[in-house]
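1. Take a look and give me a structure for this.
(chains A, B, C and D)
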There are 2 protein chains.
Amino acid sequence: MIAIGEAARLTGLSVETIRYYEREGIVEKAGRTASGRRAYTEREISELRFIKRCRDLGFTIQGACALRELSKAPEQACRDVEDVATRHLDNVRSKIAALQRLEQALAELVQTCTEGTASCPLLTALLNEPIAKEKINDT
Amino acid sequence: MIAIGEAARLTGLSVETIRYYEREGIVEKAGRTASGRRAYTEREISELRFIKRCRDLGFTIQGACALRELSKAPEQACRDVEDVATRHLDNVRSKIAALQRLEQALAELVQTCTEGTASCPLLTALLNEPIAKEKINDT
DNA sequence: CATGCACCCTGTAGTAGCTACAGGTTCAAG
DNA sequence: CTTGAACCTGTAGCTACTACAGGGTGCATG
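-> The predicted structure follows:
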């Protein structure tokens, strides 16, 4: 029998997170021992691990669940999986690009600082210059 | 007199966000008209704009407030400002690096997909391979 | 058999930074 | 005088957890 602490060790999730997944219905309620403790099967450990890996790849819980459902499909909808993953990859790339623009803007601002002018140029910029920004939805 | 809707237009923040900043004490409570509507001064608009720009640069609210306090310092602590910004820049760079590792991992997985194997290789990988991940605190 | 300690349980509140109402008042134009 | 936009307060929801509080259980040691 696998207790929740062991499950945490096996999956890399925390005990609290596993309980949270159950509470939120992200995974099915685990079976209980006579005294009410959670008991996990190998299958359930695999599922938790699957979700953990999706999360580590930056998928949302929703995305992870979508992938899990696809993985259960009779003919394993590989094309659909690829679509989901590709869309997420695009998303990650957009985020990288956005952060790189940010990095550029910040680096320029910090640069002005090292030129030892009178009143802080970085602050002046923050008071006067608009900054481009965009929003990217998670997948 | 500048009403909240106008303030929103002037700063790029939403009306709800401006009210939220007030509620949370992030900015001082704005003055009111006789009928209880918020009335903003140019100074307050500048402050909101300052915070908005910090946020757009990826600073946390806390970071934005710290910068605002520095901007009020008698001798404009430019060195301190630079420190804060530089630390944040490092942070942004760490995030970019983390996302790039993610991108790499995802791209490899998606790549395996386009090779038309039998049971979806991406799913297989999610079921079997551990994924490296790290955590970065915001600034 | 008692004790102690690690582990487990449920339930609740907090995190960041908003967003989205509901249910009501006020202002300005026609 | 009516209509519609804009405003008000207050509360709940979002993501994905984390962190308790206050208790119960299981096992090894003395």
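
2. Quick check: closest non-adjacent residue to the most centrally placed residue in chain A.
-> Against the mean C-alpha coordinate of chain A, by C-alpha atoms, centre = their mean, the closest residue is A:Gly58 at 3.5 Å. The shortest distance from A:Gly58 to any non-neighbouring residue, by C-beta to C-beta, 6 or more residues apart in numbering or on different chains, is to B:Leu102 (5.3 Å). The C-beta positions use only the backbone N, C-alpha and C, and glycine is treated the same way.

3. Would the helix or strand encompassing that neighbour count as contacting DNA strand C?
-> Assigned by DSSP states H and E, B:Leu102 falls within helix B:78-113. No. Counting by C-beta under 7 Å from any atom of the strand, no contacts exist between helix B:78-113 and DNA strand C, the nearest distance being 11.5 Å.

4. What residues sit buried inside that helix?
-> Neighbour-count burial for helix B:78-113, with 16 or more other C-beta atoms under 10 Å in any protein chain shown as criterion, is recorded at B:78, B:81-82, B:84-85, B:88-89, B:91-93, B:95-96, B:98-99, B:102-103, B:105-106, B:109-110, B:113.

5. next one: stretch A:65-74
-> Taking 16+ other C-beta under 10 Å as the criterion, stretch A:65-74 shows A:65-68, A:70-71 as buried.

6. Does stretch A:87-103 reach DNA strand D?
-> No. Stretch A:87-103 lies apart from DNA strand D when judged by C-beta under 7 Å from any atom of the strand; the minimum separation is 11.4 Å.

7. got the residues of chain A near DNA strand D?
-> Taking C-beta under 7 Å from any atom of the strand as the test, the list of chain A residues beside DNA strand D reads A:14, A:16-17, A:20, A:33-37, A:55, A:60-62, A:138.

8. let's go with 6 Å and repeat that
-> Within chain A, the positions lying close to DNA strand D (C-beta under 6 Å from any atom of the strand) are A:14, A:16-17, A:20, A:33, A:35, A:55, A:60-62, A:138.

9. Of those residues, which pair is most distant in space?
-> Pairwise distances among the residues of chain A next to DNA strand D were taken by C-beta to C-beta; the largest, 39.2 Å, belongs to A:Ser35 and A:Asp138.

10. Between those two, which is the more surrounded one?
-> With neighbours defined as other C-beta atoms under 10 Å in any protein chain shown, A:Ser35 and A:Asp138 compare such that A:Asp138 has more, 12 against 5.

11. got the domain boundaries for chain A?
-> A:4-56, A:60-139 (automatic domain parsing).

12. end-to-end on the first one?
-> Read it as domain A:4-56. 20 Å (C-alpha to C-alpha, to the nearest Å).

13. how far away is A:Thr139 from A:Cys78?
-> As for A:Thr139, its distance to A:Cys78 is 18 Å (criterion: C-beta to C-beta, to the nearest Å).

14. any weak-confidence spans in chain A?
-> Along chain A, segments meeting pLDDT under 70 span A:74-76, A:114-118.

15. what ranges do the strands span in it?
-> Read by DSSP state E, chain A holds these strands, from start to end of the chain: A:31-32, A:38-39.

16. Burial-wise, tell me which of the ones you listed comes out on top.
-> When you average the neighbours per residue for each of those (mean count of other C-beta atoms under 10 Å in any protein chain shown), strand A:38-39 leads with a mean of 17.

17. do you know how far the closest residue to A:Glu47 other than its chain neighbours is from A:Val110?
-> Taking C-beta to C-beta, 6+ apart as the measure, A:Glu47 lies nearest to A:Val27, with 6.0 Å between them; neighbours along the chain are not counted. Going from A:Val27 to A:Val110 by C-beta to C-beta gives 45 Å.
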